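Peer 1: Below is the sequence, then the predicted model.
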Amino acid sequence: MNKPKMAAEKGVPSNSKVQMLLGQLERINGEGMVNDVEAARQVTAKILHLIQTQEKSGKEVMSKGSSGIEVILSSLENTRDDQTTLNILYILSELLTAGHRMGVFVSKGVTGILFHILMTTSKELAPSEELMLQLHSLLAKVGPKDRKFGLKARLSGALNVTVNLMKHSLHNTKLLLPCLQVLRVYSTNLVNSVSLGKNGVVELMFKIVTPYSKRNTSLIKVALDALGSLLKSKTNARRAVDGKHVPVLLAMYMDWHRNDTRHRHMLIRKGFLICLRNITNIKLGRKVFNEADGMRILFNSSTECLPVRTLDPLVSIASLIMRSCFPKNRLPLPTIKSAFHYQLPHKHVIGPVAQLYSQPAGVDDVVDDSDDNEETEADTENDTENEEDEKDHNTANEDIETDLNKLHPKKSPDRPFEELRVYERFFLELSEDFQGCNFECSKSGSTTSSSSTTSSSASSRSSRPIIVPTAQALSPKHVPKATSQEDCYPTKVQRTQPSPSASSTPASQAPLELDTIHRIKDQDKKEEAHIPSPDGLATLSSLTRPPSQGQRIEQELAHVLDCVSLEEEGGLNAEGGTWGVKQAGTSVNGTRLIQSPLLLGGIVTRRVGGGGSNWGSDCGSEGTEDEGGEGAVLEVPDTALLLSLHDPDLYVEMVKGTHSVPQYAEVAYPDYFGHIAPTFREPHLERVYGVQSSKIFQDIERLIHPNDILDKVVYDLDIRSCPVIEDEGESLKFNSQFESGNLRKAVQVRKYEYDLVLNSDINTNHYHQWFYFEVSGMRVGTTYRFNIINCEKTNSQYNYGMQVLMYSVQEAIGGRPRWVRTGTDICYYKNHFPRSSIAAGGQKGKSYYTLTFSKTFSHKDDVCYFAYHYPYTYSTLKMHLSKLEALKTPQIYIRQDVLCETLGGNSCPLLTITAMPESNSNDHICQFRNRPLIFLTARVHPGETNASWVMKGTLEFLMGTSPLAANLREAYIFKIVPMLNPDGVVNGNHRCSLSGEDLNRQWQNPNPELHPTIYHTKSLLQYLAHIQRAPLVFCDYHGHSRKKNVFMYGCSVKETVWQSNISATSSDLQEDLGYRALPKILSQIAPAFSMASCSFVVERSKESAARVVVWREIGVQRSYTMESSLCGCDQGKYKGLQIGTRELEEMGAQFCVALLRLKRLTGLRNHQNLLDLESDIIGTQSKVVSSCSTTYVMEEDEPSFLEAIDYSAESNDEDPEAENEHGSGVHKNPDHLDQLSDSETNHRD
């Protein structure tokens, strides 16, 4: 080894004593270390003394510019004297203990030198114990900082030296401790771990940690750490199982649990649990764990730990173990394919739908229980959420588009113009001359719409009966029940003779016709209003009470207005009376009175519903007659008088023209009554400490105490004849057989707890997220727990303040028809139901997730609805579009066309809205035709109902009478497709159409038969591109389930290149910054909008999404996806609040205002001025943009989100749709995750 030359640092005296001694050591280095042993001992001893007594001496040795460390290491390598070696080792130990940079030692090769000395010393007949102790102490300190430490140890042969030393030093605690510390570092390398296991180290570790003793607790702690690392290997885990060590570990854990009453040895208890966790990562380990009664042992001990927050790490790991050992039960379904099937015009040749239906029966949900998959998951299950984000970030960078040819618009169109000419009929405004219009006439300014004829024709095509909502105030015990299964079949629905026991019930009455509805005055119904109610309450009281603060809307709803009654053509029954459904505080005035059942079409159909809404159901033809009358009357607030776009009667007409695969014949109360946004704020729900742990342990308790579980099916769509299963018990009643409904099965697991299973999208076996169902038959004041057990996403805003939505019929009757956020003890976590690899896109070892929430009901005989988000059905859209036409004025040009018919036979509306020309003069007609186009679409994903509410806000603003609305219509021509996926919406899908495909991944090459709405919408855009009228702005409205606020995704060559670091010339990067103008304007005027969440990066996986295709193929620079949170906001005016329909509609209106501001920018003639002005608005130049933190790679539909989440400890699942975002503050130590608790989660949100 070459002798290093001493170099004194500037500022350090050259005659410093330690420098002088280092100089002496340098001179004796080499042969002198062998020949002059005494001198070497003296010099190294003096250096050690100086470093021990003077702090500055150590700093001088380690200072930059000083070669002291090189001299010391060179001397260590060259010496053959044990004492000199010990002195130098002591020096190194002092320097490392003082906190000096460990990396410096590693870079100087200290690891190799220490291993060399270790091997040399081990070959001596009587190795120095002190020398071996110091060597292992230093190796334990250096090892974690050397990435190749394990490799170096294996190649040098140090593994065997350490193991042999341990075997001979089991009773020498002083020497054993550093050996264990080094072994702990060795075993972090998987190859080393296997090698050590073969050498008997696993058995050796068990000898050290057993039996129970509180002596040498630090030694036991290190030994458990080492054992835990060793057991990460499947081979070693099997070795531990074969050695019957699982019961030993359980017994030892319980010994420490019982005796550690002051919780001083929590790390030792944690060490035993980590060993058990690693063993149970293999199938054999789980089997032996269960045979040793491990579930009961850990459940009981962990239950005792739950109240103590400091023991959260133990509870967390025990929970992981129990859940991994919980029997892998398949979902309680005959198949995970959708309960409904739609026969496609032609079969898919390739793709997930083709794969799905090519599988034989019973293969779609095979449980994969291999060790390989589970170990992969187990190895990463302790990654924190930020570490997952970091992995996602790496994947995201790979997903960024790097082909510059794909980052520029296509030069030539795909389709010939002759093929697109047929779409000219959808752009009459571009050729209309208005010569036949009388601009003085009040009606001359508005064009006729095809919506009315469309709805009427659709209605005439529909011959099935429709059931209008009724609120039967019958308690569950009075609900008629079926005498036989035959009563449940539709073939029995035309019976006119009731059973003898039900001869006096309304079931014997002739069905009511829609034409019998007529308006009457209040005084005509006074007598009826005083009919006693079934529950013995007094007559209806008036709601015209003094208004309370913030409740004006509710007062208006209950104000005396008008009423509607329903009468049979032939009168009522012999008694001539009706059942009065009375609620304290409600008035017959200003309400609609609806006889039950109200069946449209003249055919009695089965009413499948919950609780007291089952009267007249063919599923129940027998029952006790309730007191007080023979027909139920529902008093409904006339919301049409307050909601300008809502009309219950019109809604029913629209439902009659809506086609669903299950052929729904019912109307849900909320859709019929309407929704008025509450006047109060709804803040994010604060997470209760320990809620997730308690819910998980309640789930685990099902296995521990199986006799307490009812496991009773109360609702099942797979029983097509009669999904509602009647019983004599006190079970809730469920129903989802109405438009947009989604609930496949309900299982009562405990008296007040229900497992709910969602239906997958039609023609798929996954996409479980959207839910919308009815519940009735509840007890007042009782808390019910609902568990939706087949959720798929690995993250959810339900862990961060989002609540489910509930609509109460009794509240609506009381003048408050609205959806409200509700639910307590809400959390979202991984469960024990495995997902098949087919449903998980080929990925094995995945599991479903549970959304759980609790609800205490306030009203007797209520009918409540729960939904994922504010429902907005296809029939609601048709009703709103029809009502919008009533808002047209002579100055508004509005035309509604049918773009196409969907697979399910529903029409896809296309709206054209602009301002009428001032006159039919050439100048005015020219100005009219040359207005820029704005193209808007929404609801391509049915479960993203917030997109429709935003669109509603946009449409209402466009049809408004304000000067801003008028200016906007004069500035642009709007082409709007408000619902791209009507079939998915109608049938309660979350993401797909009837083709079983995500329509927002079909824009690149849509099939006219399978994806008609996408095909024809893209054709409209291609037609515009051909005639040189490409839209100024294209925006697709979406909803976002895992991020807060409202934000946009756009497309930028520059920002994509900056993120991918690909080489590009300046000409490749020439780009107008105009794509940032609209989102920047929105961030200034819309309180819910967040510019920081926007992204303008183009990804490969999104090349078939609307945003990218319209940007690339149509050449629309301002092509966006606008995402609205399903949860709420974490910034601005609405910070800390859950988002509601008022805020969503406001966002739609603010989007219109932003377009007006954009018009002022794009109207500038000088293009350079436009660039300057937009740059000024953006507040950044291109150089700043390149480092802007907003250019994240995110998926426009469903990215994962930044917030930490406590269940990340339990899975490394990645959403097949989810893309990625970047986290910060990544934990380096995976063990940190074991300490993740509810309390930490609370603070991190």
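Peer 2: Yep, that arrived. Numbers count the residues shown, from 1 in each chain.
Peer 1: Met1048 looks like it's in a strand, true?
Peer 2: Yes - assigned with DSSP: H, G, I helix; E, B strand; the rest coil, Met1048 falls within a strand.
Peer 1: what is it paired to in the beta sheet?
Peer 2: Met1122 (DSSP bridges).
Peer 1: Test my guess that it contacts Ile1081.
Peer 2: No - the criterion here is CB atoms under 8 Å, and Met1048 misses it with Ile1081 at 10.9 Å. C-beta coordinates here come from the backbone N, C-alpha and C atoms, glycine included.
Peer 1: Near the nearest residue to Ile1081 once chain neighbours are set aside, how many other residues are there?
Peer 2: Leaving aside its sequence neighbours, Ile1081 sits nearest to Ala1154 (CB to CB, 6 or more residues apart in numbering; 4.4 Å). Ala1154 has 22 neighbours, counted by other CB atoms under 10 Å.
Peer 1: Buried ones in the helix or strand harbouring Ala1154, by neighbour count?
Peer 2: Assessed by DSSP states H and E, Ala1154 sits inside helix 1141-1162. For helix 1141-1162, burial by neighbour count (16 or more other CB atoms under 10 Å) applies to 1141, 1143-1155, 1157-1159, 1161-1162.
Peer 1: Domain boundaries for this protein, per the record?
Peer 2: Recorded structural domains for the chain (assignment: the TED database) are 200-327, 669-867, 874-1059+1073-1164.
Peer 1: Can I get those in a markdown table including mean pLDDT and distance to Gln24?
Peer 2: Below are these laid out as a markdown table (pLDDT from 0 to 100; distance: least, CB to CB, whole Å):
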| stretch | mean pLDDT | distance to Gln24 |
| --- | --- | --- |
| domain 200-327 | 94 | 39 |
| domain 669-867 | 92 | 63 |
| domain 874-1059+1073-1164 | 94 | 57 |
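Peer 1: got TSV for those, with distance to Ile466 too?
Peer 2: Shown next, in TSV, are the domains of the chain (distance: least, CB to CB, whole Å):
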stretch	distance to Ile466
domain 200-327	45
domain 669-867	10
domain 874-1059+1073-1164	10
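Peer 1: wait, which of these is closest to Ser75?
Peer 2: Smallest distance to Ser75 across those (CB to CB): 31.1 Å, for domain 200-327.
Peer 1: Kindly check the end-to-end length of the closest one for me.
Peer 2: The first residue of domain 200-327 is 32 Å away from its last residue (CA to CA, to the nearest Å).
Peer 1: ok so, going back, how about the domains of the chain, which one is nearest Asp433?
Peer 2: Across the domains of the chain, closest to Asp433 is domain 874-1059+1073-1164 (CB to CB), at 5.9 Å.
Peer 1: Count the residues that sit near Lys860.
Peer 2: Lys860: 16 neighbours (other CB under 10 Å).
Peer 1: Check Gly112 too.
Peer 2: Quick note: Gly112 (other CB under 10 Å) scores 17 neighbours.
Peer 1: so which helix or strand takes in it?
Peer 2: Using DSSP H and E, Gly112 falls in helix 110-122.
Peer 1: on contacts alone, who are the packing partners of that helix?
Peer 2: helix 68-78, helix 129-142, helix 149-156, helix 158-167 (3 or more CB pairs under 8 Å, 6 or more residues apart in numbering; DSSP states H and E).
Peer 1: How many neighbouring residues does His263 have?
Peer 2: 12.
Peer 1: And Met802, by the same measure?
Peer 2: The burial count for Met802: 26, using other CB under 10 Å.
Peer 1: contacting residues for the residue lying closest to it once chain neighbours are set aside?
Peer 2: What sits nearest to Met802 in space, not counting adjacent residues and going by CB to CB, 6+ apart, is Cys1127, at 4.0 Å. Counting by CB atoms under 8 Å, 6 or more residues apart in numbering, Cys1127 touches 684, 797, 800-802, 1041, 1044, 1138-1139.
Peer 1: Determine how far the last residue of stretch 677-687 lies from the first.
Peer 2: Note: stretch 677-687 ends 25 Å apart using CA to CA.
Peer 1: where in the stretch 501-650 of the chain is pLDDT low?
Peer 2: The stretch 501-650 of the chain contains residues with pLDDT under 70 at 501-642.
Peer 1: Apply 90 and report the result again.
Peer 2: 501-646 (pLDDT under 90).
Peer 1: ok, now which ones touch Leu86?
Peer 2: Counted by CB under 8 Å, 6+ apart, Leu86 has contacts 128, 130-131, 134.
Peer 1: Which of the residues you listed has the largest number of neighbours?
Peer 2: Most surrounded of those: other CB under 10 Å gives Gln134, at 21 neighbours.
Peer 1: now the closest residue to it other than its chain neighbours: how far from Leu76?
Peer 2: Closest residue to Gln134 apart from its sequence neighbours, by CB to CB, 6+ apart: Leu89 at 4.3 Å. Using CB to CB, to the nearest Å, we find Leu89 at a distance of 7 Å from Leu76.
Peer 1: Need the residues touching each of the two.
Peer 2: Counting by CB under 8 Å, 6+ apart, Leu89 and Leu76 have no shared contacts at all.
Peer 1: Where does pLDDT dip in the stretch 301-450 of the chain?
Peer 2: 306-307, 309, 323-324, 326-330, 335-337, 343-418, 431-450.
Peer 1: Apply 70 and report the result again.
Peer 2: 347-398, 401-413, 438-450.
Peer 1: With respect to Ser16, which of the contacts of Cys1127 is nearest?
Peer 2: Tyr800 (58.4 Å).
Peer 1: mind checking how far that closest one is from Glu686?
Peer 2: 10 Å.
Peer 1: CA atoms only for stretch 183-199, dumped as CSV, please.
Peer 2: Coordinates of each C-alpha in stretch 183-199 appear next as CSV, following Å, rounded to 0.1, in the frame of the first residue of the first chain:
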residue,chain,number,x,y,z
LEU,A,183,-25.6,-10.8,12.0
ARG,A,184,-28.6,-8.5,11.9
VAL,A,185,-26.9,-6.5,9.1
TYR,A,186,-25.8,-9.7,7.3
SER,A,187,-29.3,-11.1,7.1
THR,A,188,-30.7,-8.1,5.4
ASN,A,189,-29.2,-9.6,2.2
LEU,A,190,-31.5,-12.4,1.1
VAL,A,191,-28.7,-14.7,-0.2
ASN,A,192,-26.8,-14.3,3.1
SER,A,193,-30.0,-15.0,5.0
VAL,A,194,-30.5,-18.4,3.1
SER,A,195,-26.8,-19.2,3.7
LEU,A,196,-27.0,-18.5,7.4
GLY,A,197,-30.2,-20.6,7.7
LYS,A,198,-28.4,-23.5,6.2
ASN,A,199,-25.7,-23.0,8.8
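Peer 1: Could I get the contacting residues of the residue nearest to Ile1081?
Peer 2: 1078, 1081-1082, 1085-1086.
Peer 1: one more time with 7 Å
Peer 2: Ala1154 is in contact with 1078, 1081-1082, 1085, counting by CB atoms under 7 Å, 6 or more residues apart in numbering.
Peer 1: so how far is Tyr1120 from it?
Peer 2: 11 Å.
Peer 1: How many residues are close by Thr261?
Peer 2: By other CB under 10 Å, 7 other residues sit near Thr261.
Peer 1: Then the one 3 residues further on?
Peer 2: Using other CB under 10 Å, Arg264 has 10 other residues around it.
Peer 1: And the closest residue to Pro144 other than its chain neighbours, what's its pLDDT?
Peer 2: Excluding the flanking residues, the one nearest Pro144 by CB to CB, 6+ apart is Val185, at 6.1 Å. Per-residue pLDDT puts Val185 at 94.
Peer 1: SS state for Val185?
Peer 2: Counting by three-state DSSP, the backbone at Val185 sits in helix.
Peer 1: Compute the number of surrounding residues for it.
Peer 2: By other CB under 10 Å, 23 other residues sit near Val185.
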